[in-house]
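[1] sequence and predicted structure below; questions after.
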Amino acid sequence: MAEDQSSSAEKSQEPTPRRLEKAREEGETARSRELNTTAILLTGCLGLLIFGGTMAQSLARLMSHNFVLSRDQVFDTCALFSHLSVSVMQGLTVLGPLFVILLVAAILGPIGLGGWNFAIKSVIPKGSRLNPLSGLKRMFGHKSLVELVKALGKVIVVVALGLLMLFLNADRIVGLQKMDVLVAMPRALWILGWSVLVMSCAMILIAAIDIPYQLHSHRQKLRMTLQQVKDEAKDTDGKPEVKQRIRQLQYQMTQNRMMAAIPQADVVIVNPQHYAVALRYQQDGQSAAPQLVAKGVDLMAFKIREVAQAHSIPVVEAPVLARAIYYHTKLEQQIPEGLYRAVAQVLAYVFQLRSYRPGTGPRPKLADELPVPAELRRD
């Protein structure tokens with residue numbers, strides 16, 4: 001018992017959406033028997049008050065018809081069966097409306113709390129339900145005590161309302177003995193019907209108390225320990241070490257793909273030591289602007305410069321432009337429109353270097369200050 005209390009005390013976390021969903025899949029939803037009973041009782045009483053008079057008259061005619069049989073019909077087996085079948089069909093027709101509304105109440109009552117839920121797992125036999133120790137535990141558990149209190153409460157409230165209706169209708173009940181039988185019977189049924197309806201309304205009070213309790217009890221039952229929350233997070237999102245390993249592999253694949261794209265770059269712009277970005281510009285009309293194929297800082301920037309030098313890719317020092325491209329452009333994306341002019345000057349400088357021959361004129365130079373907009377600059 002102490003172990004159960006300790007386990008219950010550890011369940012300090014509210015149930016997660018996944019826990020609630022799993023419980024619903026297993027058929028564990030908040031249900032109130034009192035709500036079901038209230039719905040059926042009130043619907044039945046209202047149905048009798050609405051259809052009771054018509055039903056009583058129809059049943060009375062049906063009984064009179066069944067008690068009035070000719071001698072030939074009494075001794076004719078086929079006629080008796082035919083008479084019985086007709087009587088059964090007429091009886092069902094008379095009682096049909098009441099049965100229909102009771103059926104609707106029996107269906108809507110259970111789903112009024114917890115909604116519609118059909119779970120195969122809830123009807124699969126479980127060996128734990130056949131365990132005598134588990135049965136004794138349920139019999140003397142907290143839930144059984146609550147059910148006992150509710151049963152006593154129902155008896156007390158219903159008896160109290162019954163006595164109240166008896167007191168309020170005492171004069172009418174006594175006056176029935178002075179009436180003719182044909183007048184007294186409908187009057188007695190009217191008193192009885194309203195008394196049963198009022199006593200059934202007592203279930204509304206019981207249900208109003210039971211519904212919040214069932215919701216709270218269901219929520220408490222599904223509460224989780226901190227370890228359960230962590231385990232569920234691992235099962236849902238994956239273990240942290242696995243996720244970290246996946247991120248490492250993804251990063252490594254990105255770096256390998258980036259390094260493989262550097263030989264196709266047209267220029268590498270550096271900071272000169274901390275930043276390096278590699279741009280490619282396809283002059284075939286398919287690309288409207290230069291595309292970033294590689295970028296990195298510190299060690300990665302060094303590797304980018306090293307690969308560029310190994311493949312004779314021009315390396316241009318433009319600190320402001322290098323930082324702007326690094327921070328405002330994603331890999332395999334085109335540079336921002338605000339950097340078009342600055343990058344165009346760098347590419348023009350690179351193309352001039354490619355066509356330059358020593359002794360043919362002054363060596364091309366890059367402008368000291370490239371037109372990088374203030375909103376794209378990064379210190």
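    Structure's in. What do you need?
[2] which parts of this protein belong to which domain?
    By the assignment in automatic domain parsing, the chain contains the domains 29-221, 256-376.
[3] will you turn those into TSV that also has distance to residue 250, mean neighbour count and mean pLDDT?
    For every residue, glycine as well, the C-beta is placed using N, CA and C. What follows is the domains of the chain, written out as TSV (distance: least, CB to CB, whole Å; neighbours: other CB atoms under 10 Å; pLDDT from 0 to 100):
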stretch	distance to residue 250	mean neighbour count	mean pLDDT
domain 29-221	38	14	78
domain 256-376	11	16	84
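[4] touching, residue 353 and residue 364? I think so.
    Yes: using CB atoms under 8 Å, residue 353 is in contact with residue 364, at 5.8 Å.
[5] still on that earlier bit, right, so of the domains of the chain, which gets closest to residue 21?
    Each of these has some distance to residue 21 by CB to CB; the shortest is domain 29-221, at 11.2 Å.
[6] what distance separates the start and the end of that closest one?
    Domain 29-221 has an end-to-end distance of 11 Å (criterion: CA to CA, to the nearest Å).
[7] could I get the full set of helices for the stretch 101-250 of the chain?
    Along the stretch 101-250 of the chain, counting by DSSP state H, counting those that start in this stretch, helices occupy 132-139, 142-168, 170-175, 181-221, 226-237, 240-261.
[8] looking at the ones you listed, which is closest to residue 65?
    Residue 65 lies closest, by CB to CB, to one member of these: helix 181-221, at 19.1 Å.
[9] helices or strands up against that closest one?
    Counting contacts by 3 or more CB pairs under 8 Å, 6 or more residues apart in numbering; DSSP states H and E, helix 181-221 packs against helix 33-67, helix 142-168, helix 170-175.
[10] could you redo the last one with a cut-off of 10 Å?
    helix 17-25, helix 33-67, helix 142-168, helix 170-175 (3 or more CB pairs under 10 Å, 6 or more residues apart in numbering; DSSP states H and E).
[11] tilt between the strand or helix carrying residue 296 and helix 240-261?
    Here residue 296, judged by DSSP states H and E, is contained in strand 291-297. Computed by axes from the mean of the first three to the mean of the last three CA atoms, to 10 degrees, the angle separating strand 291-297 from helix 240-261 equals 120 degrees.
[12] which elements pack onto strand 291-297?
    Strand 291-297 sits against helix 240-261, strand 267-270, strand 275-280, helix 299-310, helix 319-328, with contacts defined as 3+ CB pairs under 10 Å, 6+ apart.
[13] and the ones you listed as TSV, adding distance to residue 93?
    Shown next, in TSV, are the helices and strands packed on strand 291-297 (distance: least, CB to CB, whole Å):
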stretch	distance to residue 93
helix 240-261	67
strand 267-270	92
strand 275-280	86
helix 299-310	87
helix 319-328	81
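[14] please write out the alpha-carbon positions of the strand holding residue 296 in CSV.
    Only the C-alpha atoms of strand 291-297 are listed here, as CSV (Å, rounded to 0.1, in the frame of the first residue of the first chain):
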residue,chain,number,x,y,z
GLN,A,291,24.6,31.7,-56.2
LEU,A,292,26.3,30.9,-52.9
VAL,A,293,27.9,27.4,-53.1
ALA,A,294,30.0,27.5,-50.0
LYS,A,295,30.6,29.5,-46.9
GLY,A,296,32.4,29.2,-43.6
VAL,A,297,34.2,30.9,-40.7
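[15] now that strand against helix 299-310, angle please.
    Using the same axes, to 10 degrees: strand 291-297 against helix 299-310 is 130 degrees.
[16] quick check, residue 40 in contact with residue 99.
    No: Residue 40 is beyond contact range of residue 99, at 12.0 Å (criterion: CB atoms under 10 Å).
[17] and the gap between the closest residue to residue 269 other than its chain neighbours and residue 340?
    Excluding its sequence neighbours, the residue lying closest to residue 269 (CB to CB, 6 or more residues apart in numbering) is residue 322, at 4.6 Å. Taking CB to CB, to the nearest Å as the measure, residue 322 falls 16 Å from residue 340.
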